[in-house]
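> turn this into a model:
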Amino acid sequence: MTTTLTLSGHRSRWLFCICFLVVAIVGVALVWGSQALLFADTNDFQRVVGHLYLTPMGDGVHWALPERPFRMPGNPELASHIFTFAGWVQRFLPGHVFDLSRTALAAKVLLLGYAAVLGWLCAAALQRRAVGWAVFTLAWLVTFFMAHNIGMAQSFYAEYACLIALPLLLLGMLATRRALRMLCLGLGAVVCGLAKVQYFYWPLLVLLCLWLGSRWQQVLPDKGLLKLLFAVQILCLVPLLIGKNAGLNAYHGVYLGSYMVLTPAQMDGLQVPAERRECIGVDAWGNALSGPGGTQVQHTQRDCYPVTPKLGKGDVLRPYLHYPLALWRLARFALPSHFTVHYFHVFPGNYYLQRHAGGAQPVTALLLRMSDWRDRIVTPLAPLFLLVALALFAASRSPRAGRLRPLAVGGLLLALLVVSQVIIVLLGEGVRDMSKHLWAAQLALDMLVLLTAVQCLGWLWLLWRRKAAPVAQAAATA
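Residues are numbered from 1 along each chain as shown. Next up is the predicted model:
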């Protein structure tokens with residue numbers, strides 16, 4: 001008996017070592033291959049890191065550091081402060097350059113760790129061991145390292161902070177230990193909520209999902225955690241209140257948003273002057289957007305933004321309060337063209353994701369191909385995955401759900417992030433640069449697809465065990 005247990009233990013350890021080695025090799029290959037992927041600057045880097053006085057060196061990766069000290073960020077978003085810290089660190093590294101591949105590597109190391117822990121939590125939920133952990137970890141690595149996701153790691157965009165914090169939020173949703181949940185959800189909510197103005201409400205959404213989950217699944221809520229998230233939400237209102245681009249965003253939210261789908265009679269109802277109607281579809285830089293989803297773009301000499309009366313959040317909401325179906329019409333107008341992982345900047349074909357020399361080129365090509373497959377298969381089925389996530393959350397009320405319950409609440413959070421981001425983006429800047437503004441929604445959708453698949457496997461396993469139990473009992477009594 002002892003010999004049998006010893007041999008079984010040895011086999012388990014060897015199996016885990018083999019699985020760990022496979023995961024490590026794949027992880028290194030993904031990091032190496034993804035180093036050739038980056039998101040190109042479309043003059044937005046200046047808004048995030050203009051205070052660092054960096055000088056581009058031509059390859060999109062290396063930026064010369066200035067001799068003078070950095071100044072304080074003029075942007076309240078957390079990403080500016082993250083890159084400021086990275087800039088100070090890189091002053092002490094060889095070359096006297098800000099090397100984006102270094103900040104990308106830091107993000108990728110975090111993602112490797114997140115994938116390992118999320119894989120462990122998913123395997124535990126399905127009561128799987130080494131092989132299950134390896135399979136789920138590899139699945140999370142694929143999710144994070146698809147080209148359209150991991151390219152953001154090598155950029156100065158504010159979404160960088162979301163890339164390193166959204167998986168942490170999900171980890172906190174799935175964790176069972178209270179201290180780990182408090183740490184992951186608190187830190188993740190702070191980083192995500194302060195990363196960019198359009199994510200300001202995320203802590204409240206996490207709080208809402210936890211509260212709904214406890215009520216629906218008939219368990220006691222963690223009041224301390226809810227209070228922590230409420231405090232974080234108050235903090236995350238600061239960028240929304242003091243942001244410097246509110247007027248510009250409001251202009252785009254109106255003239256490249258609701259006004260693009262209102263009828264002349266509805267415009268009359270809102271008392272929009274005729275001379276201002278000529279600015280509908282024209283952004284602050286004179287680009288006239290028309291056609292399906294505003295994807296037919298022509299540069300004009302119109303100077304609409306400076307001569308238009310300053311707009312605020314009330315002006316953005318006003319058309320929708322008068323005509324509630326306008327938001328639905330705008331979504332139908334915009335999403336077919338902009339809900340894609342082939343992110344483009346205003347002009348179709350002006351893609352953010354770029355590939356340069358270096359790295360493991362076969363792996364890079366595979367990551368790009370996986371993004372193509374994702375856009376062809378998953379993107380059209382996004383509504384289906386959202387509905388399945390809601391159905392799995394509804395099913396989590398059953399006592400049989402057991403360890404699948406945290407996954408159901410995590411799926412609810414990701415589904416609500418996708419839907420709410422579409423609404424926030426349409427309100428915030430309309431169709432201008434919409435595909436890139438939906439980057440976080442696409443990352444949440446990728447994570448939701450995998451989490452939904454794990455839950456479906458869990459329910460299939462529960463059903464199989466339920467059917468197999470009478471057969472095994474009958475065989476035992478025979």
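
> residue 170 and residue 456, how far apart?
17 Å (CB to CB, to the nearest Å). Using the backbone N, CA and C atoms, a C-beta is placed for each residue, glycine as well.

> of the two, give the one with the bigger neighbour count.
Neighbour totals were compared for residue 170 and residue 456, and residue 170 leads with 25 against 13 (other CB atoms under 10 Å).

> any idea how far the more buried one is from residue 451?
8 Å.

> overlap in contacts of those two?
With contacts defined as CB atoms under 8 Å, 6 or more residues apart in numbering, the residues shared by residue 170 and residue 451 are 410, 414.

> how about residue 190, what does it touch?
Applying CB under 8 Å, 6+ apart, the residues near residue 190 are 78, 203, 232, 235, 236.

> same list (those) but as a markdown table, adding pLDDT.
Formatted as a markdown table, those follow (pLDDT from 0 to 100):
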| residue | pLDDT |
| --- | --- |
| 78 | 91 |
| 203 | 97 |
| 232 | 96 |
| 235 | 94 |
| 236 | 93 |
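
> strands of this structure, residue ranges please.
Assigned by DSSP state E, the chain shows strands spanning 37-39, 55-56, 62-64, 97-99, 287-290, 296-299, 353-355.

> and these as CSV, adding mean pLDDT?
Shown next, in CSV, are the strands of the chain (pLDDT from 0 to 100):
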stretch, mean pLDDT
strand 37-39, 95
strand 55-56, 92
strand 62-64, 93
strand 97-99, 94
strand 287-290, 90
strand 296-299, 90
strand 353-355, 94
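
> those into TSV, with extra columns for mean neighbour count?
TSV is the format used below for the strands of the chain (neighbours: other CB atoms under 10 Å):
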stretch	mean neighbour count
strand 37-39	26
strand 55-56	12
strand 62-64	18
strand 97-99	21
strand 287-290	18
strand 296-299	14
strand 353-355	18
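
> can you tell which of those strands is closest to residue 19?
Closest to residue 19 of the strands of the chain is strand 37-39 (CB to CB; 27.2 Å).

> what sits up against that closest one?
60-61, 100, 104, 147, 150-152, 154-155, 157, 343, 352-356, 359, 364, 367-368.

> which ones among the residues you listed map onto helices?
Of the positions in the contacts of strand 37-39, 100, 104, 147, 150, 364, 367, 368 sit in helices, assigned by DSSP state H.

> pick the one among those closest to residue 398.
Using CB to CB, the ones in helices among the contacts of strand 37-39 come closest to residue 398 at residue 150, 37.0 Å.

> contacts only, for the residue nearest to the closest one when sequence neighbours are not counted.
Distances taken as CB to CB, 6 or more residues apart in numbering place residue 34 nearest to residue 150, at 4.6 Å, with adjacent residues excluded. Shown in contact with residue 34 (CB under 8 Å, 6+ apart): 104, 108, 145, 147, 150, 151, 153, 359, 363, 364, 367.

> quick one: pLDDT of residue 34?
What the model reports as pLDDT for residue 34 is 94.

> and the gap between it and residue 145?
As judged by CB to CB, residue 34 and residue 145 stand 6 Å apart.

> number of residues surrounding the residue nearest to residue 79 when sequence neighbours are not counted?
Closest residue to residue 79 apart from its sequence neighbours, by CB to CB, 6+ apart: residue 158 at 3.9 Å. For residue 158, the count of nearby residues is 24 (other CB under 10 Å).

> touching, residue 169 and residue 185? I think so.
Yes - in this structure, residue 169 is within contact of residue 185 by CB atoms under 8 Å, at 6.5 Å.

> shared neighbours of the two, which are they?
Shared contacts of residue 169 and residue 185 (CB under 8 Å, 6+ apart): residue 206.

> want to throw the strands of the chain into JSON lines with distance to residue 463?
Converted to JSON lines, the strands of the chain look like this (distance: least, CB to CB, whole Å):
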{"stretch": "strand 37-39", "distance to residue 463": "41"}
{"stretch": "strand 55-56", "distance to residue 463": "57"}
{"stretch": "strand 62-64", "distance to residue 463": "55"}
{"stretch": "strand 97-99", "distance to residue 463": "52"}
{"stretch": "strand 287-290", "distance to residue 463": "50"}
{"stretch": "strand 296-299", "distance to residue 463": "51"}
{"stretch": "strand 353-355", "distance to residue 463": "41"}
